Structures are given as C-alpha cells and as structure tokens.
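*Asks:* please find the sequence and the predicted model below.
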Amino acid sequence: MDYNYPDDSYTLHTDAYELSMMQTYYKKGLANRKAVFEAFFRKMPFENGYAVFAGLEHIITYLKNLRFSKTDIDYLKTTGQFDDDFLDYLANFRFQGTLRSVVEGELVFNHEPLLQVEGTIMEGTLVETALLNIINYQIMIATKAARIKSIVGDQTVMEFGSRRAQEFDAALWGTRAAYIGGFDSTSNVRAGKLFGIPISGTHAHALVQTYRDEYEAFKAYAETHHDCTFLVDTFDTLRSGVPNAIRVAKEFGDRINFQGVRIDSGDMAYLSKKVRKMLDEAGFKDAKIVCSNGLDEKTIQNLQMQGAKIDVWGIGTKLITAYDQPTLGAVYKLTLVEDETGKMVNTMKISNNVSKMSTPGKHQVWRITDRVDGKSEGDYVTLSGEDPRQLDSLYMFDPNYTFLHKTVKDFVARPLLQDIFVDGQLVYEQPDLETIRASRATHLDRLWDEYKRDLNPEVYPVDLSQKCYDNKMAMIQEIHDYVDKI
Ligand SMILES: Nc1ncnc2c1ncn2[C@@H]1O[C@H](COP(=O)(O)OP(=O)(O)OP(=O)(O)O)[C@@H](O)[C@H]1O
Ligand SMILES: O=P(O)(O)OC[C@H]1O[C@H](OP(=O)(O)OP(=O)(O)O)[C@H](O)[C@@H]1O
Ligand SMILES: O=C(O)c1cccnc1
C-alpha cells in the first residue's frame, strides 16, 4: 500500500464531518464568520486530584504546517463529496487564527478551558479532531506518569512502553508526555534523538538465550559495555542469575561500572529482598535492583508495603496505554460565534446533564494562589477582559452548588491561557523540555497534599466568576425560551 505521499501532511487528520460542515459554511457565505472554540475535559483522569497538561509541542507543529497539499486536494476530489470551488478554497487555506493554550507541565482540572481557538468558523472547525486527539492522549499519559512518580518519590522510573504502545506516534509522544509527568528516561531511542530525553536500558532475555549461558552472556556484555545492569531472571533468579551477575562483576572489578541487576518476573517483593542480601553480602551495596513486569502505581505501592528492595522501576504497558482509562474524554465546543450583523454572540450546547453543558463566551482561567504560602486556592474562570488582579478580595463559589463559597484575600491570580498563535503567527517560544518537566514539579509543590493523594483526593475548586456564571444562566434561559416558542 502506498501511503508515502511526498507532500503528505496532517491536514486531513480530521473527521469527515468537519470538512462537510466547512463546505456548508463556505457555500452559504459564512466562511469568514468569526468563532471561538474551547476544549476541556469533564472528569479527572484516573480519579486523580489533578491532571498534567501536555501536547502543546505537537499542536504547534501541527498548526504551523496546516495546509492542504496537492495530493490532499486530489484525494478529496476523488471522494465526490466536495465541490470544486470549495476545494479551491481549501487549496489556499492557511491557519490565520489565534490559539491560546495552557502550557505544558501546568496542572489542569476538569471543566476549565485548556485550549481556545479564535478565528474563522472554518479554522476552528478544521482543527477540532487533531487538537483533541493530541491532548486526549498526552494529558492522560503525563498524568499517569505523575501518579507513578508521586509513589516512587526520588527513585528512578524508566519508560519502557514503546513495544506495547498503540503504534509509533503513541510511543513517541507518550514517552515525551511521561517525561513531562516526571519519568526520568525513555528506552525509545528516537525520542532521545528528537526530544533530548535521556535514553536508558538494560538488556533482554534474548542476550542470555543467545549464549545459552548466563555467565557467558554477562561476560560478553561486560566486555562490550562500561555500564552494566544484568537481567537475572532468564533461568533462575536466585540460583543462577544473581550468582552469575556477581561472579562477572567481581571478575571485571573496576573495568566495568556494575550498576546492578534487573528482575522481570516472579514475586518481586520476595526476590528483591533476597537479591539485595546477596548483593550486599558480595560487597555490592551500591548495586541497584531494577524491576519491570506489568508495573503501575498500585503494584508499586503494594510492593513498597511488602518491603520490596527495589531501587529503579521500568514501566511500559500500564503507563503508555493508560491501561485503566482508555481516554480522557476531552471535548471541543463552540462558545462564541459571529451573527449575521457582525456581533459576537454566546452559544452553548444544552443538556439535562449539568456536566455535559459547555460554558458560553470567551474565557480566561486564573490560578488563584495565596500570596503568603503560595498554595493554590482554586481556579477561577472569567469572561475574557475580566481581570481579578485588580480586586482586593475574590468571591469564589461552586457553579453547581452556589451555596459553597469563600472569599479570598491577599491572593495572586495567574492567567493560564497564553497566546500561542496570534492571527496565524507563532508568538510563543516553547521552553526546553527540562524546563517544562521542572515546572510540573514546581506547580505540584503549590498544590495542597489533599489534592495530591492518589486515592479519593479532595475535589479542586474550578469556579466561574459572577459575570461568567450570569452569562451562562442567561444563555440557558434564552435557549429555554427559544425551545418553548417552537
Ligand atoms: N510481591 C508482589 N506483590 C504484588 N504483585 C506482584 C508481586 N510480584 C510481582 N507482582 C506483579 O504480579 C504480576 C504477575 O507477575 P508474574 O511474574 O507472576 O507473572 P507473569 O507476568 O505471568 O510472569 P512471566 O513474565 O514470567 O510470564 C505482575 O504485574 C507483577 O508486577
Ligand atoms: O511489563 P511492562 O510494564 O510493559 O514493561 C516492559 C516489558 O517489556 C519487556 O518484556 P518483553 O517484551 O521481553 O516480554 P515479557 O513480558 O515476556 O517480559 C520487559 O522485560 C518488560 O517486562
Ligand atoms: O532496557 C530494558 O530493560 C527494557 C527496554 C524495553 C522494554 N523492556 C525492557
């Protein structure tokens, strides 16, 4: 199958209905109508108390390259679903819109806008699928990684998931998201090359099977590498794997850096305790015990409870596939649209289910922190143009249970949505990945522990400003009046 078009791009990485709607807007003369779309998710991933934002790097690359190539247009023609004049319009299409986004490494919560696309209805429509595709995956993996990191503390976690990820892109962008979430390295060499993530690894059972002898295999590895971690569970961890690793480490002495051993099967609590004793007794107190095999934050916590002597964790499947939650469920909704008179008007999707309702208008999200201790008080969603920094005290209330409220004084308000593209121009300079990764740790320090526990965390407040709330209520009333009249 020939899918290697020389001018291939991600522009057709969109759902067909987006193009169908665009053809309607185009034919009906609405192509230049202004619109605002916002993306948010409704439920916290893994029932965690916070999520880690990731995906902006990929979004920037996508939007920078957003144009229909010749073979894109040729293909659309073959579908017979699109008219020639519309295809001519697409051939000249460029993203001239504005993207505001939370930046990578930031903590985010449900029901707050994470991305905001302001431009023509055409621009906002075309990009929905790709933007959601990117953040739905990357936020989930960054959050899963942060959960795991919070359990292992200062211990090292290596990302091993490429072989089990949902294909190439997931392996690549997933490991980057995991690094933002707090993982220390990746086994994916291309991710090392492209993103500068430190690569690390040990060796597989195949090396031992090739030599059909552990001692010979470890010796060969030691003769060809300085840093050595031997995989000790191919035949019998305690009776042959560890004794052979110790034998080679002793024979090679200073000629190698004997980093330790890896265990990849069996009872890791029992084995790691025994292995620790054997290494210590042989004089290798600094040698580390690496474990891998179906690990996630729950298993790790359980192993810790059992007193396992594990220093380094190798984690693949359950991280990279977000094993216990297949999607974040982020959505992208039209919140403001230009009417026939040129006025921007509110719009929302109404539902009997409160959590399914979007919030009309164009917004900013403010992180409210206490000026003295720097800790987060909650997030405050305003209509754009409102600036809580000008207020001495802030009245914050739960939009679903308005009787739950507090007044915050002596606070700092930090806007989370930043300009990334303005009128098609990239204006945001991405920090390097190390800075992004470090920012996640700083943001977590500002979050109270009650939101960070991995089981039943407190619900972090995401409140609406009075104006934003009133605007939403007025819109709901307007829609009810409209339906009543029919
Ligand atoms: N002491 C332990 N307590 C809780 N879970 C453990 C413990 N030791 C290992 N596990 C986990 O149990 C699961 C099964 O491991 P086990 O090695 O028994 O089976 P396996 O994966 O079928 O082994 P193999 O890789 O040899 O096929 C893995 O997810 C592993 O992380
Ligand atoms: O379990 P994960 O968290 O996904 O970690 C990655 C796994 O990948 C390797 O296994 P391999 O592909 O050699 O197969 P195995 O399951 O038989 O060990 C490695 O030995 C780990 O077990
Ligand atoms: O380096 C390793 O030990 C490794 C890498 C990928 C998957 N499993 C193990």
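*Replies:* Nice, thanks for sending it over. Ligands and ions are numbered 1, 2, ... in the order given.
*Asks:* quick one: contacts of the one helix or strand Y17 maps to?
*Replies:* Assigned by DSSP states H and E, Y17 belongs to helix 16-27. By CB atoms under 8 Å, 6 or more residues apart in numbering, the residues outside helix 16-27 that reach it are 30-31, 33, 76, 81-83, 85-86, 89-90, 121-122, 125-126, 128-129. (Each C-beta comes from the backbone N, C-alpha and C, glycine too.)
*Asks:* ok, and what's touching the next helix or strand after that helix?
*Replies:* Once the chain leaves helix 16-27, the next helix or strand it forms, by DSSP H and E, is strand 34-40. Applying CB under 8 Å, 6+ apart, the contact partners of strand 34-40 are 110-121, 124, 128, 131-132, 135, 330-338, 344, 358-359, 362-363.
*Asks:* buried set for strand 34-40?
*Replies:* For strand 34-40, the neighbour count (16 or more other CB atoms under 10 Å) marks 34-40 as buried.
*Asks:* okay, now F403: neighbour count?
*Replies:* Neighbourhood size, F403 [other CB atoms under 10 Å]: 6.
*Asks:* next, the angle strand 34-40 makes with the helix holding Y17.
*Replies:* On the basis of axes from the mean of the first three to the mean of the last three CA atoms, to 10 degrees, helix 16-27 is oriented at 160 degrees to strand 34-40.
*Asks:* D7 touches K70, doesn't it?
*Replies:* Yes. Using CB atoms under 8 Å, D7 is in contact with K70, at 5.9 Å.
*Asks:* give me the common contacts of these two.
*Replies:* What both D7 and K70 touch, as defined by CB under 8 Å, 6+ apart, is an empty set.
*Asks:* up against ligand 2, what does this protein have?
*Replies:* Contact residues, the chain versus ligand 2 (CB under 6 Å from any ligand atom): 160, 163-164, 204, 264, 292-295, 314-318.
*Asks:* phi, psi for K288 please.
*Replies:* Per-residue torsions, K288: phi -100, psi 150 (degrees, to the nearest 10).
*Asks:* what of L295?
*Replies:* Given degrees, to the nearest 10, the pair of backbone angles that L295 has is phi -80, psi 150.
*Asks:* look up the closest residue to it, ignoring the ones flanking it.
*Replies:* Nearest non-adjacent residue to L295, counting by CB to CB, 6 or more residues apart in numbering: I315, 5.1 Å away.
*Asks:* contacting residues for L433?
*Replies:* L433 makes contacts with 176, 179-180, 195-197, as judged by CB under 8 Å, 6+ apart.
*Asks:* what's in contact with stretch 368-377?
*Replies:* Residues contacting stretch 368-377 (CB under 8 Å, 6+ apart): 367, 378-380, 388, 394, 396, 406, 408, 410-414, 446-448, 451, 460-461.
*Asks:* let's go with 10 Å and repeat that
*Replies:* 50, 107, 109, 367, 378-380, 388, 394, 396, 406, 408-414, 442-443, 445-449, 451, 460-461, 463 (CB atoms under 10 Å, 6 or more residues apart in numbering).
*Asks:* what helix or strand is whatever residue of the stretch 1-150 of the chain ends up closest to ligand 1 located in?
*Replies:* With CB to the nearest ligand atom as the measure, I148 is the residue of the stretch 1-150 of the chain nearest to ligand 1, at 12.9 Å. Taking DSSP H and E as the definition, one finds I148 inside helix 128-152.
*Asks:* from the chain's centroid, how far away is that helix?
*Replies:* Centroid separation for helix 128-152 versus its chain: 3 Å, with CA atoms, centre = their mean, to the nearest Å.
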